[in-house]
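A.B. asks: next input, structure requested:
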Amino acid sequence: IGSFDMGRGLVAIGGGLGAADYWAGLSADSSDGDRDHAKRHSLRFHGNVGFKLSDVVSTRFYASVNRIDQQLPGALTRAVVLSAPRTGNFTGNQQRDIDSIRLQNRTRFDWGTTTLDIGGFVNAKDLFHPIFQVIDQASTDYGGFARLDHDAGPFAFTLGGEIRRGTIRAKQFVNTGGKRGAPTSSADQDARTANIYAEARFKPVESLTLIAGAIYADGFRKRHVDFSTTPAQDGRLSFDEFSPKFGALFEPADEIQFFANYSRSAEFPGFGEMFQTVSGTSTFISSIRPQRAWTAEVGTRGKRGLASWDIALYRATLKGEMLQYNLAPDVPAATFNADRTLHQGVEAGLSLDPVRWLRFRQVWQYSDFRFRGDAQFGGNRLPVVPRHVFRSEIWLGGEALHVAPNLEWVPQGAWADYANTTRAPGYALIGVSGGATLARGIDLFVDARNLTGKKAIGDISAVLIASPASAIYYPVERRSIYGGVRARF
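C.D. replies: The predicted structure follows:
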């Protein structure tokens, strides 16, 4: 339980009986939110049951059922975020409600040095999403997968693949106070994505692993418009990409690793990128293309004495990065393919344990994301992501009783627009968490956030050029405190 009338609970049970085992969990949460028009209610069930059919074959069935109802408070102008962050947007009673169910099976054949996993899944989801109009979608997707792993001596390899097919019955209505009004459009959306992958690993010496692999993916997206009160276009696009990767893992001692990777990646557009509103027409953007990147990464992770660390440096050169910009506060963002962009940075985590009752945890993220010689934006930095984010925690105590002050510091906020005319201010948030063990299997915990009540911008919906009237900002969570009890039997 906690601030803003928040309540959350989880009940889980698990066990085994002979060659079978099971686990099931039921959770619920409810909150008024830290802003006006931000109520949320959810109910979730997750469960699985497994069977050992023989010494070689085992199988497991999974089920997940979710019901999520949440109001959307919307974005604010910079001035409102920094003066009245509780403010919410009641226009159109905007919401995002989801009912979903997922069923899956995974069956394993284990021959010791070789294993084979095969399975299938089906998902069904209903989305009710009043925004500028009421988005009402019923979707079903299904697919199968297989993965073969072999590890013997200095050689190991993985072969696998997955196929996913999905359909969406997409309807839209006039938004009448968050309810369906007159119908405005109806369309059938169909998509498929499939991939096959392989990876080989070789150890020329015990401490060194050389890695090479690749993935080939293809797919299509198709829409047929059955009805629309405004002009709308049908369309179909197909994609295919081949992405190799190369890497090395060096382990000079126990619990110490150095790694290096160089890989290609690709991301296919979705329906939101393929069909965009242009001058009042739901237009088929036939020129949209996949986002492609080559990424180099080096780093180290490990533990030695009082220190443990995880450090990675990366540099990704992208072509056709799919970037979004906000058209209006209640209209989905438009997407364009940038020419060339660069993502490079550092992700570093360090933990120091000088004594049993004291631990220092530090995480630093440095992000240098920018255009590269763009015809419109030159070498401008990409918006939304701040250059530096630093998080720190000091853990005092032990498992029976502990307290942990924490800090999140963004010394300079992110750009709000692609033109780099407006930047969000930096901020520092101070919190504290704690816990105590009352008896065996019974623990208390508490989490207090933003103790100073700092008013700051925590997220941004980018625009091409921002102005003081741009409602594109989202505030950080206001001062809050949460606590609870955890019992295990």
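
A.B. asks: give me the three-state assignment for residue 286.
C.D. replies: coil (DSSP: H, G, I helix; E, B strand; the rest coil).

A.B. asks: isn't it up against residue 234?
C.D. replies: No. Contact between residue 286 and residue 234 fails when scored by CB atoms under 8 Å: they sit 11.2 Å apart. No exception for glycine: its C-beta is placed from N, CA and C like everyone else's.

A.B. asks: can you count the residues close to the residue nearest to residue 157 when sequence neighbours are not counted?
C.D. replies: Nearest non-adjacent residue to residue 157, counting by CB to CB, 6 or more residues apart in numbering: residue 200, 4.7 Å away. Neighbourhood size, residue 200 [other CB atoms under 10 Å]: 15.

A.B. asks: what's the next secondary structure element after the one helix or strand residue 200 maps to?
C.D. replies: Using DSSP states H and E, residue 200 sits in strand 179-205. Downstream of strand 179-205, the next assigned helix or strand under DSSP H and E is strand 208-228.

A.B. asks: packing partners for that next one?
C.D. replies: strand 179-205, strand 235-253, helix 271-274, strand 281-284 (3 or more CB pairs under 8 Å, 6 or more residues apart in numbering; DSSP states H and E).

A.B. asks: and residue 7, bridged to which residues?
C.D. replies: Beta bridges link residue 7 to residue 30, judged by DSSP bridges.

A.B. asks: cool, residue 145 as well?
C.D. replies: Beta-bridge partners, per DSSP bridges, of residue 145: residue 119, residue 162.

A.B. asks: tell me where this protein has helices.
C.D. replies: Ranges of helices in the chain, per DSSP state H, are 78-83, 271-274.

A.B. asks: which residues are in contact with the shortest one?
C.D. replies: Helix 271-274 is contacted from outside by 168, 170, 189, 191, 221, 223, 235, 237, 284-285, 288, 322, 332, 335, using CB atoms under 8 Å, 6 or more residues apart in numbering.

A.B. asks: least confident pick among these?
C.D. replies: pLDDT across those is at its lowest for residue 332, which sits at 60.

A.B. asks: my guess is residue 104 contacts residue 62. True?
C.D. replies: Yes. Residue 104 lies in contact with residue 62 (CB under 8 Å); the separation is 4.3 Å.

A.B. asks: mind listing the strands for the stretch 351-489 of the chain?
C.D. replies: With DSSP state E, counting those that start in this stretch as the criterion, the stretch 351-489 of the chain has strands at 358-371, 388-397, 401-410, 427-439, 442-449, 457-460, 473-475, 480-487.

A.B. asks: out of those, which gets nearest to residue 348?
C.D. replies: Residue 348 lies closest to strand 358-371 among those, at 4.8 Å (CB to CB).

A.B. asks: ok, and for the closest one, which residues are buried?
C.D. replies: Of the residues in strand 358-371, 359, 361, 362, 363, 364, 365, 367, 369, 370, 371 count as buried by neighbour count, 16 or more other CB atoms under 10 Å.

A.B. asks: and for stretch 235-254?
C.D. replies: Residues of stretch 235-254 classed as buried: 235, 237, 239, 241, 243, 245, 247, 249 (neighbour count, 16+ other CB under 10 Å).

A.B. asks: now render those residues as a markdown table, adding distance to residue 138.
C.D. replies: Listed next are the buried residues of stretch 235-254 as a markdown table, based on distance: CB to CB, whole Å:
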| residue | distance to residue 138 |
| --- | --- |
| 235 | 21 |
| 237 | 23 |
| 239 | 25 |
| 241 | 30 |
| 243 | 33 |
| 245 | 37 |
| 247 | 42 |
| 249 | 45 |
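
A.B. asks: which one of the residues you listed is nearest residue 355?
C.D. replies: Among these, and counting by CB to CB, the member closest to residue 355 is residue 249, at 32.5 Å.

A.B. asks: give me the spatial nearest neighbour of the closest one, chain neighbours excluded.
C.D. replies: In space, and not counting its chain neighbours, residue 249 is closest to residue 209: 4.3 Å by CB to CB, 6+ apart.

A.B. asks: wait, isn't that neighbour in contact with residue 199?
C.D. replies: No. Shown here, residue 209 and residue 199 do not form a contact pair, counting by CB under 8 Å, at 11.2 Å.

A.B. asks: for PyMOL, write the select line for the buried members of the contacts of helix 271-274.
C.D. replies: Here is the PyMOL command that picks out the buried ones among the contacts of helix 271-274, judged by 16+ other CB under 10 Å:
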select buried, resi 168+170+189+191+221+223+235+237+284+285+288+322+332+335
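
A.B. asks: which residues of the stretch 251-400 of the chain score low on pLDDT?
C.D. replies: The model of the stretch 251-400 of the chain has pLDDT under 70 over residues 326-333.

A.B. asks: residue contacts, the closest residue to residue 266 other than its chain neighbours?
C.D. replies: Closest residue in space to residue 266, ignoring its immediate chain neighbours: residue 241 at 3.7 Å, by CB to CB, 6+ apart. Residue 241 makes contacts with 216, 217, 218, 266, 268, 290, 292, as judged by CB under 8 Å, 6+ apart.

A.B. asks: quick one: the first one and residue 196 touch, right?
C.D. replies: The one in question is residue 216. Yes. Using CB under 8 Å, residue 216 is in contact with residue 196, at 5.5 Å.

A.B. asks: CA atoms of stretch 365-384 as CSV?
C.D. replies: Extracted as CSV, the C-alpha positions of stretch 365-384 are listed here (Å, rounded to 0.1, in the frame of the first residue of the first chain):
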residue,chain,number,x,y,z
GLN,A,365,24.9,5.8,-18.2
TYR,A,366,26.5,8.1,-20.8
SER,A,367,24.5,8.4,-24.1
ASP,A,368,25.8,10.3,-27.1
PHE,A,369,23.0,9.9,-29.7
ARG,A,370,23.1,12.2,-32.7
PHE,A,371,22.5,12.8,-36.4
ARG,A,372,25.5,12.4,-38.8
GLY,A,373,25.5,15.0,-41.5
ASP,A,374,21.7,15.1,-41.9
ALA,A,375,20.4,17.4,-44.6
GLN,A,376,17.9,19.1,-42.2
PHE,A,377,19.4,18.6,-38.7
GLY,A,378,23.1,18.4,-39.4
GLY,A,379,24.9,16.9,-36.4
ASN,A,380,22.2,17.7,-33.8
ARG,A,381,21.7,15.4,-30.9
LEU,A,382,18.7,13.2,-30.8
PRO,A,383,16.0,14.3,-28.3
VAL,A,384,14.5,12.5,-25.3
